[in-house]
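Peer 1: No letters, just coordinates:
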């Protein structure tokens, strides 16, 4: 296996942790950093909405991770297939050397049979020119036999060298296969764990949704319809939306500052709240 390929894939728990951290940063960036001080500054309805957002963001992150795992399994399986193909290629190359040697051996036997035939004919001919012609044919055949035997010796030496190299290469490939198979087993175990976490996260999100009143839940769902990823509920800071960073209209800002009912950003549609 090429060294660059081996370096590009480093199975293990550390890789899993790194992937999970990246997934949660990408999907769960806004709500994961929410502090107790912020919660203390918002009204109870917004607090419940932020709790729902946090739990649904976690559920979404887990679902994203679950989708990624089969892709990682496929990658590992592809590497296994590559390693097995390399093993088979080495074996095939060795087999071709042996087949060529056997072909030469058969050729030698055929040439030797012709030599025996011509020598038998020599004993039966009565003319000198016929005897001489057979002698030349025998000498030509014996020269071919010598060349074939030299090639056969070279192939035997090559076969021995290649047998040793193939065994060493196969051991390396088999070790890589073992590592990738171990990684697939780990990923399958991880998949089952993530599925269980999704079940728990789903139950937690459903419980949080029950706590949110409909007049706040409906705008939240509307924002989710416009944006596939969180955040869907963001603070308004210095007259600007905390999601798209554009300035909110005076009407929207007034509603947010009253802090009595939900208000959508008139640019991105996220639910705004007053910090």
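Peer 2: That came through, no problem. Worth saying up front: this structure is predicted, and the values here are computed from it rather than measured.
Peer 1: all contacts plus neighbour counts: C-alpha atoms, from now on.
Peer 2: Noted.
Peer 1: Tell me the pLDDT of residue 13.
Peer 2: Residue 13 carries a pLDDT value of 49.
Peer 1: Helices of the stretch 51-200 of the chain, start to end?
Peer 2: For the stretch 51-200 of the chain, the helices defined by DSSP state H, counting those that start in this stretch cover 128-211.
Peer 1: Return the distance of the spatially closest residue to residue 244 that is not a sequence neighbour relative to residue 219.
Peer 2: Leaving aside its chain neighbours, residue 244 sits nearest to residue 268 (6.3 Å; criterion: Cα to Cα, 6 or more residues apart in numbering). From residue 268 across to residue 219, the span is 13 Å (Cα to Cα, to the nearest Å).
Peer 1: which residues are contacting stretch 201-211?
Peer 2: Stretch 201-211 has contacts (Cα atoms under 8 Å, 6 or more residues apart in numbering) with 48, 49, 51, 52, 55, 56, 58, 59, 217.
Peer 1: So which of these is the closest to residue 263?
Peer 2: residue 217 (11.8 Å; Cα to Cα).
Peer 1: Go ahead and confirm residue 240 touches residue 246.
Peer 2: Yes: contact criterion Cα atoms under 8 Å: residue 240 and residue 246 qualify, at 5.3 Å.
Peer 1: ok so, going back, counting only strands, which of the contacts of stretch 201-211 make the cut?
Peer 2: Among the contacts of stretch 201-211, no member is found in strands (DSSP state E).
Peer 1: and these as TSV, adding pLDDT, distance to residue 117 and neighbour count?
Peer 2: Output for the contacts of stretch 201-211, formatted as TSV (pLDDT from 0 to 100; distance: Cα to Cα, whole Å; neighbours: other Cα atoms under 10 Å):
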residue	pLDDT	distance to residue 117	neighbour count
48	96	103	21
49	97	101	22
51	97	99	21
52	98	97	24
55	97	93	24
56	97	91	21
58	97	88	24
59	97	87	23
217	97	102	19
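Peer 1: With distance to residue 205 added, can I get the residues you listed in JSON lines?
Peer 2: Listed next are those as JSON lines, based on distance: Cα to Cα, whole Å:
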{"residue": "48", "distance to residue 205": "11"}
{"residue": "49", "distance to residue 205": "11"}
{"residue": "51", "distance to residue 205": "9"}
{"residue": "52", "distance to residue 205": "6"}
{"residue": "55", "distance to residue 205": "5"}
{"residue": "56", "distance to residue 205": "6"}
{"residue": "58", "distance to residue 205": "9"}
{"residue": "59", "distance to residue 205": "8"}
{"residue": "217", "distance to residue 205": "13"}
